[in-house]
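# following is a predicted model, sequence given first.
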Amino acid sequence: MIIDSHQHLILPTELQIEKMNKAGVDKAILFTTTPHPEKAKTLTEFKNEMSILFKILGGENSLENNKKRFKKDISDLTKVINNYPDKFYGFGTVPLGLSLEETQIWIKQYIIDNGLKGIGEFTPGNDEQVSQLETIFKALKQYENFPIWVHTFNPVTLNGIKILENLTRKYSKTPVIFGHMGGYNWMEVTDFVKNTPNAYIDLSATFSTLALKMIIIETVTDKYLFSSDAPYGDSFLNKQTIEYLSPSKKISDKVLGGNIIKLLGLK
């Protein structure tokens, strides 16, 4: 089974499924979204949608605004998953800045009770927000092998990545997916993931096929996950790239679905 392990909710859902079918993708793991760049028909409309994304990536929203937005986004996500259970699994968002008790309640109410498979995408805008992830790790100690997905491209810095690496080591029972390969710091992330049992690499948003090739060659084959970050990437092209660069079909089968199935315990 081929699973795109990182897509955002695209509207209409029928369009998302159509694109998956054309790409030969059986299922996708959906992440919440607020902006919808796929709806833009002009550059101006696209800029407007991206301005929402850049505000989120910059960590500019207040805690109360984030809580309100996350509740709506999770509601939208679960509706789609419930309508198309044969096509989608889901990850859900948790606000940073809550107390440990508040975080535990949020995870139970909005993630676990909705049958979601993991937590994320976290998009920390600065090193302080990366450090705030420790509350999430503490809250996840009661759930064995429940993964967390963290954006590690810009604006996350190398120092922010190192903070996340330390948290990954400290909370070794929690699988951590380093989103977008660490961006320009992909070599640092590759070395870390090779030597850390609970660390994984998401292969979306690659800026160089050479970087992707080196990761596939160098990293333990159970550690990397095919994904497109749709609508910002394309399942068809990402899938073809992995098939082209992979040293063997056995490895490509793992990265295109086997690894995420094993990580999430999917049937």
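Sure thing, it's come through.

# now do the same for the closest residue to Ile201 other than its chain neighbours: its pLDDT.
Leaving aside its sequence neighbours, Ile201 sits nearest to Tyr224 (C-beta to C-beta, 6 or more residues apart in numbering; 4.6 Å). Just so you know, the C-beta spots here come from the backbone N, C-alpha and C atoms, and that holds for glycine as well. Predicted confidence (pLDDT) for Tyr224: 92.

# what does Gly59 give?
58.

# cool, and the one 4 residues further on?
Taken from the predicted model, the pLDDT recorded for Leu63 is 80.

# report the contact partners of the nearest residue to it once chain neighbours are set aside.
Spatial nearest neighbour of Leu63, chain neighbours left out: Gly97 (4.6 Å); criterion: C-beta to C-beta, 6+ apart. Counting by C-beta atoms under 8 Å, 6 or more residues apart in numbering, Gly97 touches 63, 66, 132.

# now, the residues you listed that are in helices?
Among the contacts of Gly97, the ones falling in helices (DSSP state H) are 63, 66, 132.

# for these, which ChimeraX command selects only the ones that are buried?
Per 16 or more other C-beta atoms under 10 Å, the buried members of the ones in helices among the contacts of Gly97 correspond to this ChimeraX selection:
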select :66,132
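
# just the ones in helices among the contacts of Gly97 now: which is nearest Lys267?
Asn66 (33.2 Å; C-beta to C-beta).

# now that closest one: closest residue in space, sequence neighbours ignored.
Looking at Asn66 with C-beta to C-beta, 6+ apart, the closest residue is Pro95, at 4.6 Å.

# I'd say the one you found and Glu64 touch.
No - Pro95 is beyond contact range of Glu64, at 9.1 Å (criterion: C-beta atoms under 8 Å).

# who has more neighbours out of these two?
Pro95 (22 against 10; other C-beta atoms under 10 Å).

# still on that earlier bit, now do the phi/psi pair for the residue nearest to Ile201.
Phi and psi for Tyr224, reported as degrees, to the nearest 10, are phi -120, psi 150.

# that one touches Ser204, doesn't it?
No - here Tyr224 does not reach Ser204: they are 10.9 Å apart, not a contact under C-beta under 8 Å.

# which residue ranges form the strands in the stretch 151-267 of the chain?
Ranges of strands within the stretch 151-267 of the chain are 176-179, 199-202, 224-225, based on DSSP state E, counting those that start in this stretch.

# secondary structure element for Lys22?
In the assignment (DSSP states H and E), Lys22 maps to helix 13-23.

# using JSON lines, lay out the strands of the stretch 151-267 of the chain together with distance to Lys170.
Output for these, formatted as JSON lines (distance: least, C-beta to C-beta, whole Å):
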{"stretch": "strand 176-179", "distance to Lys170": "11"}
{"stretch": "strand 199-202", "distance to Lys170": "12"}
{"stretch": "strand 224-225", "distance to Lys170": "22"}
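
# got the confidence number for Lys170?
Lys170 is given a pLDDT of 98.

# repeat for the one 5 residues further on
Note for Pro175: predicted pLDDT of 98.

# check the one 3 residues further on too.
With respect to pLDDT, Phe178 scores 98.

# wait, what's in contact with it?
150, 152, 161, 164, 189, 192-193, 199-202.

# who wins for neighbours among the residues you listed?
Neighbour max across those (other C-beta under 10 Å) = Thr152, 31 neighbours.
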